[in-house]
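*Asks:* Okay, here's the prediction I keep looking at, along with the sequence it came from:
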Amino acid sequence: MYQYNEQDQTLIEERVTQFRGQTQRFLNGELGPDEFRALRLMNGLYIQTHAPMLRVAIPYGLLASRQLRMLAKVARDYDKGYCHFTTRQNVQYNWPALERVPDLLAELATVQMHAIQTSGNCLRNTTSDHLAGVCPDELEDPRPYCEIIRQWTTLHPEFAYLPRKFKIAVSGSEQDRAAVQLHDIGVYLVRNEEGRIGFRVLAGGGLGRTPIIGQTVKPFLEKKYLLSYLEAILRVYNLLGRRDNKYKARIKILVKETGLEKFTAMVEDEWLQIRDDMLLSEERIAAMQAQFTPPAYEPTANSDTGLAQHLADDKAFAKWFKYNSVVHRVSGYRAVFVSLKAPDSPPGDITSDQLDALANLADAYSFGEVRSTHRQNLVLADVKQADLYTLWQKLDALKLATPNIGTVTDMICCPGLDFCSLANAGSIGVAREINEALDDLDYIHDIGDVKINMSGCMNGCAHQSVGHIGILGVDKKGEEWYQITLGGSSENEAAIGDRLGPSVAKHQITESITRILDVYVQHRLEEEAFLQTVKRVGLEPFREKVYANH
Amino acid sequence: MPIIKNQQILENTWTFVDDDAPLAGGDITVSVKRWTEDKPALLQHSGKVGVRLTPADNVAALGDDLPFIKLIELHFPTFSDGRTFSQARLLRSRYNYQGEIRAVGNYMTDQVFYLHRVGVDTFEFNDPKDMELALSAIKDFTVRYQASTY
């Protein structure tokens, strides 16, 4: 993975010094709350219901074991011994004290970590495929480009005060695992007719109150133009994006109101004037690719016979293997999902002890690296098949082996009313209730691929609008109600879910979900996944059942 | 009111003239509207003449007039209006503007590092205390990722 050079390290240390000064001025009353708000947000710091919330950047979801240990230490020393992984591969702490945040950031900086631009109206963390570099369906590893973008976006002087937040995702594989089409800018590595690899660039995607799927602005962009094209889009957006209404300030609204054709023409016009001045050289790309070389895989890893025996002997292991590990491009290796969706734990949460233990497992079994996924789980990407059984036992002992990846209990969930000052309704409690109702693993596995996404308010941090089943918390005269959508997807066939009907009360939400699953089971054709059934039969059968006694 | 120029605190010699006010003597700045409408008179002005841009003003509209404009003030109605940064960048890199670019209005000392990088070379603040802060903040970072000539 990318290792900081002296310049990278200096930058994050100077950022800590800068933020220390800003925090001190705020505490001394020399910096107003509005001003400090903008500055602290650009260091990931929110003021929440109970305490500040700090979001730490995990560039494209890649973590070294020593960074994992630091996250554990920070959770222990500055928080309540746990932290929360987000849908943008970052990590959040819910209880740090404001005056200690500069010290916290200084500790993070010792392991090449920071909270720069993890919030605020600026260029956010670049996200990517959590299976980058190891999945068989990849055209090219997207991470070198992610790092190039990370550097370009970090403290970009022109684009630090955008109309609204701005998110970029990059994917290099056939299957989109990074929700690329739902980003302000989405970048796919593609091959053109001449066989050359470049980028397809999308713009104007985004979730939140008005979810919109991104549209292609550049079907094929040569690699050398990556940064100039991004800069052109950003400049057009910075100058023309709406600033009069924060709910209409995202680039998706600019693209929609301007029209794709006109927007694209403006970007092209800008780009043609700058593209030759900021070329990305082949040497720069090659040097970055050299930072992401594959680890030293054992050539004989596939000669192992123990795995087949364990799979035959141990049903529980076989289940975990099926749901929580996926094929690797190198024979004899698997990528392993570490489930942060244990039934009794808030989705995406992990304790300090678990983090420390996982760091040790990463060192022992996966070349010292861990990835975070946009569905709030972790991945050990390079595990030898001969090690899988032992690893499973160890993960199981840590409660990190719930065999539910890609199933109905692998829910995306925001912190909700329990932590967040924006939320209208609780989400963690509802997630737990749904989990309790779906406690039969065989049933869950039979149901198969159903993605439930639940947000506690319409800001949509948990991407409810693209959940196969989306749940949105709303406030009705001080009571928590929940609106359900069906048919959303953030994958290749990205789609915004349709509203099922009127929102349901808190005591009805779990039953509504189980009824939806019943309707699916009743209507599905052989091998038909939930999303396909919803598309085929439409919402009516689900509506009838959910609102039967309302 | 003093300004920061070349890392030093200097006395400001410029006056902004409102659209409906008579032209003052000495060095003056006017709005884009006034510049466009009164150009002949302004070119005869005894002192130097500059133009004050709001974030909504299109830099391209000044086009051929730039050699006659000795100072461009970029006015922040609020610190969060980031169009100013693109205006400065375009003035320097696209239109090759060689004169002075000054940040005025409601912005933060914490923004001078970025402003300086996009080509703003002088800074006006309402509060003298901000002057010392800004002198230090302009040097907040010794490293940078993006190519920039400033």
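*Replies:* On my side now, so go ahead. Numbers count the residues shown, from 1 in each chain, chains lettered A, B, ... in the order given.

*Asks:* mind listing the helices for chain B?
*Replies:* For chain B, the helices defined by DSSP state H occupy B:32-37, B:39-43, B:83-89, B:112-117, B:128-137.

*Asks:* Just say which of these is most tucked in.
*Replies:* Mean neighbour count, computed with mean count of other CB atoms under 10 Å in any protein chain shown, is highest for helix B:83-89 among the helices of chain B, reaching a mean of 26. Any C-beta I mention is one placed from the backbone N, CA and C, and that applies to glycine too.

*Asks:* where does B:Lys127 land on pLDDT?
*Replies:* Let me fix one detail, which is that residue B:127 is Asp and not Lys. B:Asp127 is assigned a pLDDT of 85 by the prediction.

*Asks:* Ok, the one 10 residues further on next?
*Replies:* B:Ala137 carries a pLDDT score of 96 in this model.

*Asks:* Residues of chain B that sit close to chain A?
*Replies:* In this structure, chain B approaches chain A at residues B:79-83, B:85-86, B:89, B:93-94, B:108, B:110-111, B:113-115, B:117-118, B:129, B:137, B:140-148, judged by CB under 8 Å from any CB of the partner chain.

*Asks:* hang on, the earlier thing: do you know which of the helices of chain B lies nearest A:Gly448?
*Replies:* When those are ranked by proximity to A:Gly448, the top entry is helix B:83-89, at 48.6 Å, counting by CB to CB.

*Asks:* if we can go back for a sec, and the helices of chain B as a markdown table, adding distance to A:Gln89?
*Replies:* Output for the helices of chain B, formatted as a markdown table (distance: least, CB to CB, whole Å):
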| stretch | distance to A:Gln89 |
| --- | --- |
| helix B:32-37 | 44 |
| helix B:39-43 | 54 |
| helix B:83-89 | 28 |
| helix B:112-117 | 26 |
| helix B:128-137 | 31 |
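
*Asks:* quick one: contacts for B:Trp14?
*Replies:* Taking CB atoms under 8 Å, 6 or more residues apart in numbering or on different chains as the definition of contact, the neighbours of B:Trp14 are B:26-29, B:48, B:50, B:71, B:73.

*Asks:* how does chain A divide up, domain by domain?
*Replies:* By the record's domain assignment, chain A is partitioned as A:6-109, A:134-288, A:301-397, A:412-546 (automatic domain parsing).

*Asks:* Any idea which of those domains gets closest to chain B?
*Replies:* Each of the domains of chain A was scored for nearness to chain B using CB to the nearest CB, and the closest is domain A:134-288 (2.9 Å).

*Asks:* end to end, how far does that closest one reach?
*Replies:* Its start and end residues considered, domain A:134-288 measures 17 Å (CA to CA, to the nearest Å).

*Asks:* What residue in chain B comes nearest to chain A?
*Replies:* With distances taken as CB to the nearest CB, chain B approaches chain A most closely at B:Gly82, which sits 2.9 Å away.

*Asks:* tell me the contacts of B:Thr36?
*Replies:* With contact taken as CB under 8 Å, 6+ apart, B:Thr36 is in contact with B:Ala61.

*Asks:* If we look just around chain B, which residues of chain A are in range?
*Replies:* Residues of chain A found near chain B (CB under 8 Å from any CB) are A:7, A:10-11, A:14-15, A:17-18, A:22, A:30, A:35, A:38-39, A:121, A:151-152, A:154-163, A:235, A:238-239, A:243, A:273, A:277-278.

*Asks:* got a pLDDT number for the closest residue to A:Arg243 other than its chain neighbours?
*Replies:* Beyond its immediate neighbours in the sequence, the residue positioned closest to A:Arg243 (CB to CB, 6 or more residues apart in numbering or on different chains) is A:Pro163, lying 4.9 Å away. The per-residue pLDDT reported for A:Pro163 equals 98.

*Asks:* Count the neighbours of the spatially closest residue to A:His468 that is not a sequence neighbour for me.
*Replies:* Taking CB to CB, 6+ apart, and ignoring the residues beside it in sequence, A:His468 has A:Lys451 as its nearest neighbour in space, at 4.4 Å. Burial of A:Lys451 is recorded as 23 neighbouring residues (other CB atoms under 10 Å in any protein chain shown).

*Asks:* check contacts around A:Lys451.
*Replies:* A:Lys451 makes contacts with A:375, A:406, A:410, A:412, A:467-469, A:489, as judged by CB under 8 Å, 6+ apart.

*Asks:* Buried among those residues? Make that a PyMOL selection.
*Replies:* The PyMOL selection below is limited to those of the contacts of A:Lys451 classed as buried (16 or more other CB atoms under 10 Å in any protein chain shown):
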select buried, chain A and resi 375+410+412+467+468+469+489
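
*Asks:* Tell me which two of the contacts of A:Lys451 sit farthest apart.
*Replies:* If you compare every pair in those using CB to CB, the most distant one turns out to be A:Asp410 and A:Ser489, at 14.8 Å.

*Asks:* where do the strands sit along chain B?
*Replies:* When secondary structure is read from DSSP state E, chain B shows strands at B:2-5, B:8-11, B:14-16, B:27-31, B:49-53, B:71-76, B:100-105, B:122-124.

*Asks:* Pull up the pairing partners for the fourth one, direction included.
*Replies:* On the basis of DSSP bridges, the sheet neighbours of strand B:27-31 come out as strand B:14-16 (parallel), strand B:49-53 (parallel).

*Asks:* picking up where we left off before, buried only: go through the residues of chain A next to chain B for me.
*Replies:* The buried subset of those (16+ other CB under 10 Å) comprises A:11, A:14-15, A:18, A:22, A:35, A:38-39, A:121, A:151-152, A:154-163, A:235, A:238-239, A:243, A:278.

*Asks:* Point out the ones among the residues you listed that are inside strands.
*Replies:* Helix and strand membership here follows DSSP E; of these, not one is in strands.

*Asks:* Take those residues and keep only those in helices.
*Replies:* Helix and strand membership here follows DSSP H; of these, those in helices are A:11, A:14-15, A:18, A:22, A:35, A:38-39, A:151-152, A:235, A:238-239.

*Asks:* so how far is B:Pro128 from the residue nearest to B:Phe16 when sequence neighbours are not counted?
*Replies:* Closest residue in space to B:Phe16, ignoring its immediate chain neighbours: B:Thr29 at 4.9 Å, by CB to CB, 6+ apart. B:Thr29 sits 21 Å away from B:Pro128, going by CB to CB, to the nearest Å.
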